[in-house]
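Q: generate coordinates for the sequence data below:
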Amino acid sequence: MAKLSEEAKKAIGELSPSVVATANKDGKPNVSLKGSFRVLDDEHILFADIASPRTTANLRENPQLSAIVFDAANRKGCRVWGKAVEILDNGNLFDTISAEYSAKGMKVKHVVKVKVDEAITF
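A: Numbers count the residues shown, from 1 in each chain. Reported below is the predicted structural model:
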C-alpha cells in the first residue's frame, strides 16, 4: 500500500475537478467527472457517487481504478492508481459525506473508499 505524500494530499484536497476511470469485468471502460475527492488517511482517498451508476457498477465487478485531480490553468495535479475497498451506502462515514452534499442540494448514493497503490504529483 502506498503512503500519500504531503504534496499528493494537498493536490487531492485542494484541486478540482477529478476524473475517475474504471472498467467492468469485461474491460469496457468508463470515465466519470468528480468534484468530491478527498483524503481519508495516509493510504486512502474517497469520493461520493452522486450521479455515477456505471462507475459504482464497474467497481463492484472490478475494483481497480485510476484517477486524476488537476488544475488545468496551472498544469498541476495528481494521478492516482488504486482499488475500491468499500462502497458504502450507510454508516458514519457515509452519513457525514451525505450530509455535506445534501446541504448543497445533492443526494449521495454511495461513498467509495479507495486504497491508494500509487500517487504521482505533477
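Q: surely residue 56 forms part of a helix?
A: Yes. Under DSSP: H, G, I helix; E, B strand; the rest coil, residue 56 sits within a helix.
Q: wait, doesn't it sit right on residue 87?
A: Yes. Between residue 56 and residue 87 a contact is recorded at 6.2 Å, counting by C-beta atoms under 8 Å. No exception for glycine: its C-beta is placed from N, CA and C like everyone else's.
Q: what touches both of the two?
A: Shared contacts of residue 56 and residue 87 (C-beta atoms under 8 Å, 6 or more residues apart in numbering): 49, 110, 112.
Q: next, the buried residues of the helix or strand containing residue 33.
A: Taking DSSP states H and E as the definition, residue 33 sits inside strand 29-34. By neighbour count on 16 or more other C-beta atoms under 10 Å, the buried set for strand 29-34 is 30, 32, 34.
Q: check stretch 88-98 too.
A: By neighbour count with 16+ other C-beta under 10 Å, stretch 88-98 contains the buried residues 88, 94, 97-98.
Q: if we can go back for a sec, pLDDT added to the shared contacts of residue 56 and residue 87, as TSV?
A: Putting these into TSV (pLDDT from 0 to 100) gives the following:
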residue	pLDDT
49	96
110	98
112	98
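Q: restricted to helices, list these.
A: Nothing among the shared contacts of residue 56 and residue 87 maps onto helices, per DSSP state H.
Q: output the residues you listed in TSV, with distance to residue 13 appended to each entry.
A: TSV is the format used below for these (distance: C-beta to C-beta, whole Å):
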residue	distance to residue 13
49	19
110	21
112	17
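Q: any idea which of these is closest to residue 78?
A: Comparing those against residue 78 with C-beta to C-beta picks out residue 112 as the nearest, at 17.0 Å.
Q: which helix of this protein spans the most residues?
A: helix 92-102.
Q: show me the strands in the protein, by range?
A: 18-23, 29-34, 38-41, 44-49, 64-71, 76-88, 110-121 (DSSP state E).
Q: one step back: can I get the longest helix of the chain as PDB, trimmed to CA atoms?
A: C-alpha atoms of helix 92-102 as PDB (Å, rounded to 0.1, in the frame of the first residue of the first chain):
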ATOM      1  CA  ASN A  92     -20.900   7.200   9.900                       C
ATOM      2  CA  LEU A  93     -18.600   8.000   7.000                       C
ATOM      3  CA  PHE A  94     -21.500   7.800   4.500                       C
ATOM      4  CA  ASP A  95     -23.700   9.900   6.700                       C
ATOM      5  CA  THR A  96     -21.000  12.600   7.200                       C
ATOM      6  CA  ILE A  97     -20.300  12.900   3.400                       C
ATOM      7  CA  SER A  98     -24.000  12.600   2.500                       C
ATOM      8  CA  ALA A  99     -25.000  15.400   4.900                       C
ATOM      9  CA  GLU A 100     -22.300  17.700   3.400                       C
ATOM     10  CA  TYR A 101     -23.700  17.200  -0.100                       C
ATOM     11  CA  SER A 102     -27.400  17.200   1.000                       C
END
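Q: understood, closing this out.
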